[in-house]
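coordinates only, no sequence provided:
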């Protein structure tokens, strides 16, 4: 099984990417065209009425061969994050050194996992951040929002699962987060 990334365009709106698992590019294209692939890759939320029938493929990129990759479970990926102990000293340089010892497949999975978790938090609590929920917002800049949500992931699974808008607000108000856990994903 191979993985392909499709970039598509919807007229006058935005570019959208899909990750599709298939044996061939032709099979992946057919899956996309038939509508059996509905997971869009962590892009922006679409708030407008869009005619998906007018979506066109503008690029296809082969990503990886799945059979050669030993897939880590979510539990295993959380364990890697927790073993890094971000809260200890917030040293992305230390963690880069530790994670540079991971095999390439594990690192790729970890990178995707961390980015997905940060994206989920960002999307789930965006209304609270921007005060669309009427509770005063979360007082951080755009960069601060990325740092804050990444810090939550860096603290591990339990902290991530227990996070609320009020806890995020308190972390921001008390400056209880550091720049930036995502730097741990940079290779030496």
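Perfect, I can see it now. In this text, all values refer to a predicted model and were calculated from it rather than measured experimentally.

so the closest residue to residue 84 other than its chain neighbours is in which element?
Residue nearest to residue 84 in three dimensions, not counting chain neighbours: residue 95, with 4.6 Å by Cβ to Cβ, 6 or more residues apart in numbering. (Each C-beta comes from the backbone N, C-alpha and C, glycine too.) Here residue 95 is covered by helix 92-99, with elements defined by DSSP states H and E.

contact partners of that helix?
By Cβ atoms under 8 Å, 6 or more residues apart in numbering, the residues outside helix 92-99 that reach it are 80, 83-84, 86, 107, 110, 180-181, 183-188.

out of those, who's nearest residue 24?
For the contacts of helix 92-99, the closest approach to residue 24 (Cβ to Cβ) belongs to residue 107, at 26.9 Å.

quick one: contacts for that closest one?
99, 187.

dihedrals phi and psi, it?
phi -60, psi -40 (degrees, to the nearest 10).

tally of neighbours for the residue nearest to residue 84?
When neighbours are defined as other Cβ atoms under 10 Å, residue 95 has 23 of them.

now swap in residue 162 and tell me
Residue 162, neighbours per other Cβ under 10 Å, totals 10.

so what pLDDT did it get?
In this model, residue 162 is scored at 96, pLDDT.

any idea how far it lies from residue 170?
13 Å (Cβ to Cβ, to the nearest Å).

same question, residue 181
For residue 181, the distance to residue 170 - Cβ to Cβ - is 18 Å.

who's more crowded, these two?
residue 181 (27 against 12).

so what's that one up against?
By Cβ under 8 Å, 6+ apart, the neighbours of residue 181 are 86, 92, 114, 147, 150-151, 153-154.

of all these, which comes closest to residue 25?
residue 114 (28.2 Å).

what pLDDT does the model give residue 82?
96.

same check on the one 3 residues further on?
Predicted confidence (pLDDT) for residue 85: 95.

make 43 the first number, not 1, from now on.
All right, first residue 43 from here; so that's residue 127.

what residues of the helix or strand containing residue 119 count as buried?
Assigned by DSSP H and E, residue 119 belongs to helix 116-126. Under the neighbour-count criterion of 16 or more other Cβ atoms under 10 Å, helix 116-126 has 119-120, 122-124, 126 buried.

ok, of the residues you listed, which one's closest to residue 164?
Using Cβ to Cβ, these come closest to residue 164 at residue 123, 17.1 Å.
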